[in-house]
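Student: Give me the fold of what follows.
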Amino acid sequence: MSVPKNQPEFDAYAKNYEELLDDPIRNVFAGGSDFFHRRKWDLLEEFARRHKIALDGVRWLDVGCGKGELLHFGCRRVKSATGCDPSREMLIESAEVSIVHQENPGKLPFADASFDWVSAVCVYHHIPVEARASFCREAARVLKPGGYCIIIEHNPWNPATRLIVSRTPVDQDAILLGAAESVSLQQQSGLEKVEVRYFLFFPESIYNKIPGWEEWMSAIPLGGQYMAVSRKSSA
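Tutor: The predicted structure is shown next:
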């Protein structure tokens, strides 16, 4: 699929986005996309519990939010939930949450120190390698002192993940990055590593029966995706 010059890539995908994600392995893993978004919100809630963070005081920005699915899961639990994305077409279906169009893909349209959490979910693998460090610095810029930068990405060490990504049209430009690269990007931006956790070891049907197993396995670098969290110094 070709994209007109100067048009954000995901504008061309917006109308058929769910169809373009269709993959037989992905379909066996979960009955629909909701599970993947819910699983990520579960992960964020677990993080807040472990670190004794009161969600009702969190101002949260989800960068590259697409249609805002993850925000829908968490928006009623936090103080404020905001999304931004360069694709206007993807944002059309995000009316129920606070959304800001990102005119410049490399510049976040927010003031310094605006948010307690800044998440980027499956965003960095679409960013050219040479632009990733500056993008991470932008995430750090809009974080409040003591705030958390959260990168969630596909795990390149998982063979099923690599296969799905290789044949998914919306990931035709993808260059996967491992957890070590995500942590390095955060540290280059002046952030301090907090934790890395792997997840999506089990399909939806098994996870729903034994959710605690993924928590127990979270240090094993074989889950389908991972979460890397770093913190901005309070000093």
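Student: Now the longest helix that the chain contains: average pLDDT?
Tutor: With DSSP state H applied, the helix covering the greatest number of residues in the chain is identified as helix 33-50. Mean pLDDT, helix 33-50: 93.
Student: One more: stretch 60-79?
Tutor: 93.
Student: can you start the count at 635 instead of 1 from here on
Tutor: With 635 as the first residue, the last one maps to stretch 694-713.
Student: how far does it stretch from start to finish?
Tutor: With CA to CA, to the nearest Å as the measure, stretch 694-713 spans 8 Å from end to end.
Student: tell me which residues in it are buried?
Tutor: 694-709, 712 (16 or more other CB atoms under 10 Å). (Glycine included, C-beta is placed from N, CA and C.)
Student: Just the ones in helices from the residues you listed, please.
Tutor: Counting by DSSP H, the buried residues of stretch 694-713 place Glu703, Leu704, Leu705, His706, Phe707, Gly708 in helices.
Student: Reformat those into JSON lines and put distance to Trp791 next to each item.
Tutor: Listed next are these as JSON lines, based on distance: CB to CB, whole Å:
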{"residue": "Glu703", "distance to Trp791": "25"}
{"residue": "Leu704", "distance to Trp791": "23"}
{"residue": "Leu705", "distance to Trp791": "28"}
{"residue": "His706", "distance to Trp791": "30"}
{"residue": "Phe707", "distance to Trp791": "27"}
{"residue": "Gly708", "distance to Trp791": "27"}
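Student: Going by distance to Leu725, which of those residues wins?
Tutor: Leu705 (11.2 Å; CB to CB).
Student: Could you give the secondary structure assignment for Cys718?
Tutor: What DSSP: H, G, I helix; E, B strand; the rest coil gives for Cys718 is strand.
Student: Ok, Ala808 next?
Tutor: Quick answer, by three-state DSSP: Ala808 is coil.
Student: and if you look at Ile784?
Tutor: Quick answer, by three-state DSSP: Ile784 is strand.
Student: these two touch, right, it and Val757?
Tutor: No. Between Ile784 and Val757 there is no contact under CB atoms under 8 Å: 11.0 Å.
Student: Comparing these two, which residue is more hemmed in?
Tutor: Ile784 (25 against 20; other CB atoms under 10 Å).
Student: For Thr795, see how far away that one is.
Tutor: Counting by CB to CB, to the nearest Å, the separation of Ile784 from Thr795 is 19 Å.
Student: Could you do Gly857 as well?
Tutor: Separation of Gly857 from Thr795 (CB to CB): 9 Å.
Student: which neighbours do those two share?
Tutor: Listed as contacting both Gly857 and Thr795 by CB atoms under 8 Å, 6 or more residues apart in numbering are Asn789.
Student: Please name the nearest non-neighbouring residue to Val863.
Tutor: In space, and not counting its chain neighbours, Val863 is closest to Val828: 4.4 Å by CB to CB, 6 or more residues apart in numbering.
Student: Just the element for the one you found, please.
Tutor: Here Val828 sits within strand 825-833, counting by DSSP states H and E.
Student: Now that strand: buried residues?
Tutor: Here strand 825-833 shows Leu825, Val828, Val830, Arg831, Tyr832, Phe833 as buried, counting by 16+ other CB under 10 Å.
Student: mind listing the helices for this structure?
Tutor: Under DSSP H, the chain gives helices at 651-654, 658-663, 667-684, 703-708, 722-725, 766-775, 793-800, 813-822, 838-841, 846-850.
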